[in-house]
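Peer 1: my questions are about this predicted structure, shown below with the sequence.
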Amino acid sequence: MEHTKNTKLLELTLLLASMLTILANAIIAPSLPLISNTFNDVNNVEILTKLMLTLPALTIAIVAPLAGRLLDKIGRIKVLYISLLIYLLAGTSGFWLGSLFSILVGRVVFGLGVAGIMTVSTTLIGDYFTGAKREHFMGLQGAFVALGGLIFITAAGVLTDINWRLAFLIYGFSAIVMVLVPFSLHEPKMEHHETKAQTQNRIAVPPVVWLVLISAFITTVSFYMIPVQLPFFLQKLEGINGNKMGLALGSMPFAQAIASYFYKQIKRKLDFVSIYSLGFIPMAIGFLVIGFSQTYWQAVAGVLLIGLGVGTLIPNGNLWMINLVPVQVRGKYVGFLTTATFLGMFISPIIIQPIQNLVGINSSFIVLGVALSVLSVFYLFIRKRVATSN
């Protein structure tokens, strides 16, 4: 790797950038009931409030492939700069915008920033690292993604009790990453001369990439039920304030960070498909625990279990994709992976809400738990049929 004296700073900057991504939309989750109360004169306010979590995900799903192609064409670092600036301005817009609809527009624009940052940070890990170091760093990235969620969502819970608008200021953390980028990151040197065989190889991306994309989609459809639905589930219990809401939501990324940190050890023993089968088990149990819970701490125990599963699956999908595709199209396919991930977030409430309307909020957690149990068995069954890149 170039610039070895800056390796630690390079790694830190990549990890801090990763903190801004997967759980970025969920930072304002503890504020949702209060935002809903503030704008209670607006028609369908509860649905519109939930859209604050999911609208950025739709933007990300649409623009991530474009961001991925831009990386391969104009360079990683330029796209990162632009994305960080959008993230900073649009992320904090909920603090200074007046109406519910203007805040929603700000959330749409915010998605552009997240799409760029997530695609660049994952692609650069593939560019800068190889082999065991890449596996280790992918686990670290998963841990920092979760750590960001833990710190930011918990802080948002505390700030929400003062004023819900203050939670939006947490997105200002991106300014620190913006300052670090010019001192720490460099544009990777791409090998442009390639043989005919390499060109053929570049075009031939294995069909198993579809399984990677579908798996990432399922993971986020499932785990995003926590930030979207849990605040409304907990609201029914007595003595629940913003602080307790933030703690419950923050317990998922806490467990997620621990599981991601140990991903390298799990990967040494298991192939990618087996890890998906394994990761869906604690998620399934966690959703069942929440569905049957009668108290706040029972629900938190369920959330912790879900976090353990998610922390294993997110680095697994990222590493699998990076290992499968040639470097010349890495940005493009990481863009597709970002799309699958955030499309899952956007569609999550659309899938879950009808189930919730049919069986009630408690039973909807149980339904998802049963579905993930079946899915775990399915992945175990297809394990030997899938040619995995290990």
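Peer 2: Right, received. Where do you want to start?

Peer 1: immediately after the least confident helix or strand in the chain by mean pLDDT, which helix or strand?
Peer 2: Taking mean pLDDT, DSSP states H and E as the measure, the chain has helix 196-203 as its least confident helix or strand, at a mean of 49. From helix 196-203 onward toward the C-terminus, using DSSP states H and E, the following helix or strand is helix 209-223.

Peer 1: now that following helix - C-alpha only, PDB.
Peer 2: Listed in PDB are the C-alpha atoms of helix 209-223, where the atom choice follows Å, rounded to 0.1, in the frame of the first residue of the first chain:
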ATOM      1  CA  VAL A 209     -23.800 -12.000  -7.300                       C
ATOM      2  CA  TRP A 210     -27.600 -12.100  -7.400                       C
ATOM      3  CA  LEU A 211     -27.700 -14.200  -4.200                       C
ATOM      4  CA  VAL A 212     -25.400 -11.600  -2.500                       C
ATOM      5  CA  LEU A 213     -27.900  -8.900  -3.500                       C
ATOM      6  CA  ILE A 214     -31.000 -10.800  -2.500                       C
ATOM      7  CA  SER A 215     -29.400 -11.700   0.900                       C
ATOM      8  CA  ALA A 216     -28.400  -8.100   1.600                       C
ATOM      9  CA  PHE A 217     -32.000  -7.000   0.700                       C
ATOM     10  CA  ILE A 218     -33.600  -9.600   3.100                       C
ATOM     11  CA  THR A 219     -31.200  -8.600   5.900                       C
ATOM     12  CA  THR A 220     -32.200  -5.000   5.800                       C
ATOM     13  CA  VAL A 221     -35.900  -5.600   5.300                       C
ATOM     14  CA  SER A 222     -35.700  -7.600   8.500                       C
ATOM     15  CA  PHE A 223     -33.500  -5.500  10.800                       C
END
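
Peer 1: buried ones in it, by neighbour count?
Peer 2: By neighbour count with 16 or more other CB atoms under 10 Å, helix 209-223 contains the buried residues 209, 211-213, 215-223. For every residue, glycine as well, the C-beta is placed using N, CA and C.

Peer 1: tell me which residues of the helix of greatest length in the chain are tucked away?
Peer 2: In the chain, with assignment by DSSP state H, the single longest helix is helix 131-162. Going by neighbour count (16+ other CB under 10 Å), the buried part of helix 131-162 is 134-161.

Peer 1: hmm, back to that, out of the buried residues of helix 209-223, who's nearest residue 338?
Peer 2: Closest approach between the buried residues of helix 209-223 and residue 338, by CB to CB: residue 216, at 8.8 Å.

Peer 1: could you pull up the residues touching the closest residue to residue 160 other than its chain neighbours?
Peer 2: Leaving aside its sequence neighbours, residue 160 sits nearest to residue 242 (CB to CB, 6 or more residues apart in numbering; 3.6 Å). Applying CB atoms under 8 Å, 6 or more residues apart in numbering to residue 242 gives the contacts 30, 31, 34, 157, 158, 159, 160, 161, 164.

Peer 1: find the nearest non-adjacent residue to residue 244, please.
Peer 2: Nearest in space to residue 244, with sequence neighbours left out and distances taken as CB to CB, 6+ apart, is residue 296 at 6.7 Å.

Peer 1: the one you found touches residue 248, doesn't it?
Peer 2: Yes. Using CB atoms under 8 Å, residue 296 is in contact with residue 248, at 7.2 Å.

Peer 1: ok, the two, which is more surrounded?
Peer 2: More crowded of residue 296 and residue 248, by other CB atoms under 10 Å: residue 248, with 28 against 17.

Peer 1: enumerate the positions of the host helix or strand of residue 357 that are buried.
Peer 2: When elements are assigned from DSSP H and E, residue 357 belongs to helix 330-359. Applying a neighbour-count criterion of 16+ other CB under 10 Å, one finds 330-349, 352, 355-356 buried in helix 330-359.

Peer 1: next one: stretch 117-129
Peer 2: The neighbour-count check on stretch 117-129 (16+ other CB under 10 Å) flags 117-129 as buried.

Peer 1: ok, so of those, who is nearest residue 173?
Peer 2: Distances from residue 173 to those, taken by CB to CB, are shortest for residue 117, at 11.7 Å.

Peer 1: and that closest one, how far is that from residue 18?
Peer 2: 8 Å (CB to CB, to the nearest Å).

Peer 1: can you check residue 95 too?
Peer 2: 24 Å.
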